[in-house]
Every structure is written in C-alpha cells, then in structure tokens.
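Student: fold the following and give me the result.
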Amino acid sequence: MRRAAFLILAAPVLLAAGNPRTATEYEVESGDTLGGISNRTGVPAAVIAAANGIPEPYSVQVGEVLVIPRQRNHTVKPGETGFAIALQYGVPFENIAIANGLDDDGTVRVGQKLIIPAVFTPRRVARRSIPGSPFFRRPHDGPVLYGFSKRPDGGGHDGIDIDVELGDMIRASASGTVVFADEEKTRFGRQVLIDHGNGWQTSYGHLARITVKKGDVVKTGERIGLAGQAGIATRPELHFEIRKDGEDVDPASKLPPRNK
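Tutor: Below is the predicted model of the structure:
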C-alpha cells in the first residue's frame with residue numbers, strides 16, 4: 001500500500017498578516033484551540049495536528065507557529081504526463097497517484113482535474129508535558145448502559161457498560177502496552193488490559209474477538225478487539241474500566257463527551 005508524504009507548497013504567510021484561507025503558517029494566540037484554527041483556515045484539525053506533531057488531546061501552545069498544509073489543483077494540458085506534472089510541482093508522482101486514483105504508469109487525460117496533495121515532513125516539536133492522567137478517548141461511542149457505582153466497601157460496579165452491536169470495533173482508549181489479551185474466566189470472557197504508564201491501566205471486557213496480543217504497543221484509537229457478549233453478559237456490551245495504581249477510577253471523569 002502506498003504511503004503519502006507531505007510538503008508545504010507555498011511561501012509562509014502568517015494568519016495575522018493575510019487571508020486565513022490561504023495562510024500556510026499560524027501563530028497561536030491566547031484562547032486559540034486547534035478546532036478553532038481549523039475552522040478559520042479551512043484545513044482539518046487532524047491534518048494540522050499531523051503536520052506539527054501534536055498528540056491528543058491536541059493542545060496548542062501560545063506563541064508557537066503552526067504549519068498549515070494546503071493542496072493545489074491542476075488541469076491537465078495537451079502533452080502533459082503525470083510524471084511531468086509531479087516534477088513541475090515538486091511532489092512525488094506516487095502521492096499524486098494516490099490522491100487521484102491514477103495507475104502507476106502516469107497516464108492522465110487532457111482536461112482532467114488533479115489534486116496536487118500537500119506534502120510535508122511532520123515536525124518534531126518538544127511540547128510541554130501535561131501532569132496527571134493520560135488523555136483517554138472513548139473506546140466505543142455507544143451510550144452507557146450501566147455507570148460506575150463503586151462503594152466504600154469495595155463492592156458495586158467498577159467500570160461502565162457500553163451498548164454495542166456484535167462485531168463493532170473496540171479501540172484503545174489511550175496509547176500503551178497490552179499486558180493481558182486472553183480469556184478472563186470469572187466474568188468478562190475475552191478481555192484486554194492495556195498499561196499506559198505511571199500506574200494507569202484500562203480494561204475491555206466481553207469481547208467477541210481479540211485482535212491484539214500481549215506485548216503489543218498500541219496507539220490511541222487503534223482497534224484492540226471486536227464487540228461481543230463473552231463471559232457473563234446478557235446482551236452485547238463493552239465493560240470498560242480505568243485504574244490508577246490498582247484503584248478503580250470512574251471513567252465518566254476521564255472520557256470526553258459522547259458523540260450523538
């Protein structure tokens with residue numbers, strides 16, 4: 001499978017000095033968020049984050065200058081080939097082929113409108129560390145069937161149960177290392193545990209299938225299994241837990257709002 005790289009195709013233009021829709025750099029000001037910068041520049045937040053090495057939860061820092069990668073368009077003229085167009089723009093033909101669904105021989109049609117993708121080398125910027133817990137995302141966006149209800153005596157419900165459909169993808173809530181991926185005999189059936197460092201762990205139970213193995217390093221949002229009702233479950237659901245130093249933490253206090 002081809003992999004595209006990225007290159008900035010225009011001279012730097014600070015947002016404060018030009019049109020937000022054409023700027024290729026942006027200096028972060030007080031109150032800015034990546035989502036707001038995305039709305040003003042018309043470039044997806046994920047693309048800006050990738051270009052600048054910004055990890056989740058996508059916090060930006062006042063005073064830093066962000067690359068705003070953009071693409072161009074080209075209408076094929078008589079006598080042009082895909083390879084010649086790639087040379088003209090200084091973009092690998094492979095990237096143009098991927099963006100436009102071209103074959104490998106560089107064949108293009110007169111009048112064909114091509115996307116010339118932005119190509120850049122992702123920045124490696126030293127970013128301020130954020131104390132406290134990792135950034136946790138929702139492992140599945142279904143509604144919560146049963147919430148956290150831990151009692152002082154240690155009983156109660158030590159996580160949340162999320163409504164799922166059989167076969168839905170279950171994703172890692174945060175980056176980390178898989179420390180358990182097997183049958184849990186007492187309650188959860190097929191279960192995955194991920195260690196996120198500094199005493200933080202997450203648990204995913206009742207899976208129909210596990211798609212990682214012990215020792216795998218996973219990233220936030222990466223699939224770790226398929227939803228099911230293994231173990232003691234009366235319907236398809238995901239039992240999800242967050243722990244700090246072995247103590248259960250209410251996931252509702254760490255997860256972002258659910259997309260409805």
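Student: can we go C-alpha only for contacts and neighbour counts from here?
Tutor: OK.
Student: quick one: the strands in the stretch 1-150 of the chain, in order.
Tutor: 6-7, 25-27, 65-67, 72-75, 113-116, 119-120, 144-146, 149-150 (DSSP state E, counting those that start in this stretch).
Student: go on, the stretch 151-260 of the chain?
Tutor: Using DSSP E, counting those that start in this stretch, strands in the stretch 151-260 of the chain cover 156-157, 160-163, 169-171, 176-184, 189-197, 200-210, 217-218, 223-227, 237-244, 247-249.
Student: test my guess that Glu222 contacts Met169.
Tutor: No - using CA atoms under 8 Å, Glu222 makes no contact with Met169, being 9.3 Å away.
Student: burial of Thr24, as a residue count?
Tutor: 22 (other CA atoms under 10 Å).
Student: same thing with the one 5 residues further on?
Tutor: Neighbour count of Glu29, defined by other CA under 10 Å: 13.
Student: how close does it sit to Glu64?
Tutor: 8 Å (CA to CA, to the nearest Å).
Student: neighbour count for Glu222 and Met169, which is higher?
Tutor: Met169 (20 against 17).
Student: pull the contacting residues for the more buried one.
Tutor: His140, Arg223, Ile224, Gly225, Leu226, Ala227 (CA atoms under 8 Å, 6 or more residues apart in numbering).
Student: quick one: the third one from Ile194, how far?
Tutor: In this structure, Ile224 and Ile194 are 10 Å apart, going by CA to CA.
Student: check which residues of stretch 229-236 are buried.
Tutor: Residues of stretch 229-236 classed as buried by neighbour count (16 or more other CA atoms under 10 Å): Gln229, Ala230, Gly231, Ala233, Pro236.
Student: a markdown table please, covering the contacts of Met169 and showing distance to Gln112 and neighbour count.
Tutor: As requested, these are exported to a markdown table (distance: CA to CA, whole Å; neighbours: other CA atoms under 10 Å):
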| residue | distance to Gln112 | neighbour count |
| --- | --- | --- |
| His140 | 41 | 21 |
| Arg223 | 38 | 18 |
| Ile224 | 41 | 28 |
| Gly225 | 42 | 25 |
| Leu226 | 42 | 21 |
| Ala227 | 44 | 28 |
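Student: out of those, flag the one nearest to Ile85.
Tutor: Arg223 (37.9 Å; CA to CA).
Student: if you skip the residues just before and after it, what's nearest to the closest one?
Tutor: Residue nearest to Arg223 in three dimensions, not counting chain neighbours: Arg171, with 4.3 Å by CA to CA, 6 or more residues apart in numbering.
Student: take the contacts of Met169 and lay them out in CSV including distance to Leu87.
Tutor: Output for the contacts of Met169, formatted as CSV (distance: CA to CA, whole Å):
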residue, distance to Leu87
His140, 44
Arg223, 38
Ile224, 41
Gly225, 43
Leu226, 44
Ala227, 47
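Student: what are the phi and psi angles of the closest residue to Asp250 other than its chain neighbours?
Tutor: Spatial nearest neighbour of Asp250, excluding adjacent residues (CA to CA, 6+ apart): Phe148 at 5.7 Å. Main-chain torsions, Phe148, degrees, to the nearest 10: phi -70, psi 130.
Student: wait, Phe148 sits on Pro251?
Tutor: Yes - counting by CA under 8 Å, Phe148 does reach Pro251; the two are 7.4 Å apart.
Student: what is in contact with these two at once?
Tutor: Joint contacts of Phe148 and Pro251 (CA under 8 Å, 6+ apart) are Gly159, Ile160.
Student: which residues of the chain score low on pLDDT?
Tutor: Applying pLDDT under 70 to the chain flags the ranges 1-18, 56, 119-133, 154, 259-260.
Student: how is it divided into domains?
Tutor: 6-67, 72-120, 144-253 (automatic domain parsing).
Student: the shortest one: how far from the chain's middle?
Tutor: Relative to the chain's own centre, domain 72-120 is displaced by 28 Å; criterion: CA atoms, centre = their mean, to the nearest Å.
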